[in-house]
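**Student:** fold the following, please.
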Amino acid sequence: MVSLQTSSTFFSCSCSSIRTINAAIHVPKLPRVPYLVPQPPKISKQLVQKLNRSIDTTQLDNNNFLKTQTHDVLYKPKNESTVTIQLYAILEAVADRVEMHNNVCEQRNNWNTLLLNSINMITLTATTMVGVAAATNEVAAPLLPLKLSSALLFSAATGMLLIMNKIQPSQLAEEQRNATRLFKQLQAQIQTTIAVGNATEKDVKCAMEKVLALDKAYPLPLLGAMLEKYPAKFEPAVWWPSNQFQKKNGGKGKSKKMEENNGWSKELEMEMREVVEVVKRKDIEDYERLGNIAMKVNKSLAIAGPLMTGIAAIGCGFIGNGSSFAALVTLMAGSLGAAINTFEHGGQVGMVFEMYRNSAGFFNMVEASIESTLEEDHLEKRENGELFEMKMALQLGRSVSQLRELASKSSSYRMEGIHIDEFASKLF
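**Tutor:** Predicted coordinates for the structure are as follows:
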């Protein structure tokens, strides 16, 4: 009985606790709040027609705009677009030329090194064999292999020297270096023309002529197109088109004022004329003189080297006949042949000659550029005077103020009858 009462009491307590919890989590219902849904506005037929007309007008304007833009792209700037494409095509060809001349330069520089070392080794080996044969006091039969071997080696060295002196690998390599530099310069000029814009057919024609002129001035093949390595007369290199600096009819009867017209003034013209005089009297004359000396030295060495090895090859046949004079001559000729070859190709005399030829050509180009500019009557057709002065100063390795000082110094010296002792260029 007691347990039942306890159970009933516990059950009743549990039920009451459950009811209490249910009452605690009960959420009362919220009252409904009425809201209004906005109704779409009534659109009249007139409004619909008006909207349709405006949409048609907008579409028509867009179509006209697209047609106008398409016409401008396809027809109006067609000439400009073609010119730009042509310039890009020339630019690609110029970039390819740069790579080709650079590769050929490395190849011909390797030729010079390998041929020089090979010929010297052959010559010195043959000379050593001659010395051994001369020092051996034996009968003629044992000396025959040494005599024949040394004669063959001297003959091979003579033939290789004749070929090497004919092509002058060091001079060929210098030609390709100059061509690489000038093609890179042309590449930068074309890129500037494209970047500035407003390119014309004249720019395309000028770029093409410059490419062809460079190809002619610095040919890649050896057979049939190689430049003469021993010309009868020293001539500066010419790598610009023949019509680039054509002289205009002018210089007389100018009616236009020269004061600050397109950057030009009388003072600037006088300055440029004095610079040309200095270039003619000092730079061009000096490099032509040095070029002639280098050409003569190169010719003499090209003859002396094979001559010495040829004498040594002939002298090998007279060794061992009881005469030491033949052995002495052979030894001296072989040693001199190796020394001359080392001085000529190790010292790269052909490269020095080509360097002088290219430098003289550069000064001729500066002279032609200034003279052709000054002979143009119409100042608006000239390049801007201040820009032209700055370019000339940079090409000669000077600042604008230094160029003006040089011109004033040249003018004062010329009035006093004194030859100026300063060169126009500070680069070479």
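
**Student:** show me the shaky parts of this protein.
**Tutor:** With pLDDT under 70 as the threshold, the chain has low-confidence stretches at 1-80, 137-142, 246-260, 321-323.

**Student:** can you pull out the helices in it?
**Tutor:** Along the chain, the segments classed as helices by DSSP state H run 2-25, 45-74, 78-135, 140-167, 169-196, 201-217, 266-278, 285-315, 324-341, 349-374, 385-395, 400-416.

**Student:** which strands and helices sit next to the fifth one?
**Tutor:** Helices and strands touching helix 169-196, as assessed by 3 or more CB pairs under 8 Å, 6 or more residues apart in numbering; DSSP states H and E, comprise helix 78-135, helix 201-217, helix 349-374. C-beta coordinates here come from the backbone N, C-alpha and C atoms, glycine included.

**Student:** looking at the helices of the chain, which is buried most?
**Tutor:** A comparison of the helices of the chain by mean neighbour count, using mean count of other CB atoms under 10 Å, puts helix 349-374 on top with a mean of 22.

**Student:** that one packs against which elements?
**Tutor:** Contact analysis of helix 349-374 by 3+ CB pairs under 8 Å, 6+ apart lists helix 169-196, helix 266-278, helix 285-315, helix 385-395 as its packing neighbours.

**Student:** so which of the helices and strands packed on helix 169-196 is nearest residue 310?
**Tutor:** helix 78-135 (11.5 Å; CB to CB).

**Student:** so for this protein, which residue is the most central one in space?
**Tutor:** Most central in the chain under CA atoms, centre = their mean is residue 184, positioned 2.3 Å from the mean C-alpha point.

**Student:** surely that one touches residue 98?
**Tutor:** Yes: under the contact definition of CB atoms under 8 Å, residue 184 touches residue 98, with a separation of 5.7 Å.

**Student:** contacting residues for residue 234?
**Tutor:** Under the criterion of CB atoms under 8 Å, 6 or more residues apart in numbering, the neighbours of residue 234 are 288, 291, 292, 295, 357, 360.

**Student:** would TSV of those residues with distance to residue 146 be doable?
**Tutor:** Converted to TSV, those look like this (distance: CB to CB, whole Å):
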residue	distance to residue 146
288	50
291	45
292	44
295	40
357	45
360	50
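
**Student:** list just the nearest of those residues to residue 406.
**Tutor:** Sorting the contacts of residue 234 by distance to residue 406 puts residue 360 at the head of the list, at 19.6 Å, by CB to CB.

**Student:** what's the burial count for the residue nearest to the closest one when sequence neighbours are not counted?
**Tutor:** With sequence-adjacent residues excluded and distances taken as CB to CB, 6 or more residues apart in numbering, residue 360 is closest to residue 236, at 3.6 Å. Counted by other CB atoms under 10 Å, the residues lying close to residue 236 total 18.

**Student:** next, give phi and psi for residue 236.
**Tutor:** In this entry, residue 236 is assigned phi and psi values of phi -60, psi 150 (degrees, to the nearest 10).

**Student:** one step back: I'd like the helices and strands packed on helix 169-196 laid out as JSON lines, including distance to residue 152.
**Tutor:** Shown next, in JSON lines, are the helices and strands packed on helix 169-196 (distance: least, CB to CB, whole Å):
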{"stretch": "helix 78-135", "distance to residue 152": "8"}
{"stretch": "helix 201-217", "distance to residue 152": "41"}
{"stretch": "helix 349-374", "distance to residue 152": "28"}
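
**Student:** tell me the domain ranges of this protein?
**Tutor:** By the assignment in automatic domain parsing, the chain contains the domains 44-76, 110-170+265-416.

**Student:** for those, give me a markdown table that also has distance to residue 218.
**Tutor:** Formatted as a markdown table, the entries for these read as follows, by distance: least, CB to CB, whole Å:
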| stretch | distance to residue 218 |
| --- | --- |
| domain 44-76 | 40 |
| domain 110-170+265-416 | 10 |
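
**Student:** just to revisit the earlier point, now for the contacts of residue 234, which pair is the farthest apart?
**Tutor:** Of all pairs drawn from the contacts of residue 234, the one with the largest separation by CB to CB is 295 and 360; the distance is 11.7 Å.

**Student:** picking that back up, for residue 280, which of the helices and strands packed on helix 169-196 is the nearest?
**Tutor:** Ranking the helices and strands packed on helix 169-196 by their distance to residue 280 (criterion: CB to CB) puts helix 349-374 first, at 6.4 Å.

**Student:** and that closest one with helix 285-315, angle?
**Tutor:** With axes from the mean of the first three to the mean of the last three CA atoms, to 10 degrees defining the directions, helix 349-374 sits at 160 degrees from helix 285-315.

**Student:** from the middle of its chain, how far away would helix 349-374 be?
**Tutor:** A distance of 17 Å separates the centroid of the chain from that of helix 349-374, by CA atoms, centre = their mean, to the nearest Å.

**Student:** what residues does stretch 288-297 touch?
**Tutor:** In this structure, residues lying in contact with stretch 288-297 by CB under 8 Å, 6+ apart are 230, 231, 234, 236, 349, 352, 353, 356, 357, 360.

**Student:** ignore the last one, stretch 215-229
**Tutor:** 97, 100-101, 104, 166-168, 171-172, 175-176, 178-179, 182, 237-239, 298, 350.

**Student:** now the helices of the chain in TSV, with distance to residue 225?
**Tutor:** Shown next, in TSV, are those (distance: least, CB to CB, whole Å):
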stretch	distance to residue 225
helix 2-25	105
helix 45-74	44
helix 78-135	13
helix 140-167	12
helix 169-196	12
helix 201-217	9
helix 266-278	34
helix 285-315	21
helix 324-341	27
helix 349-374	16
helix 385-395	29
helix 400-416	39
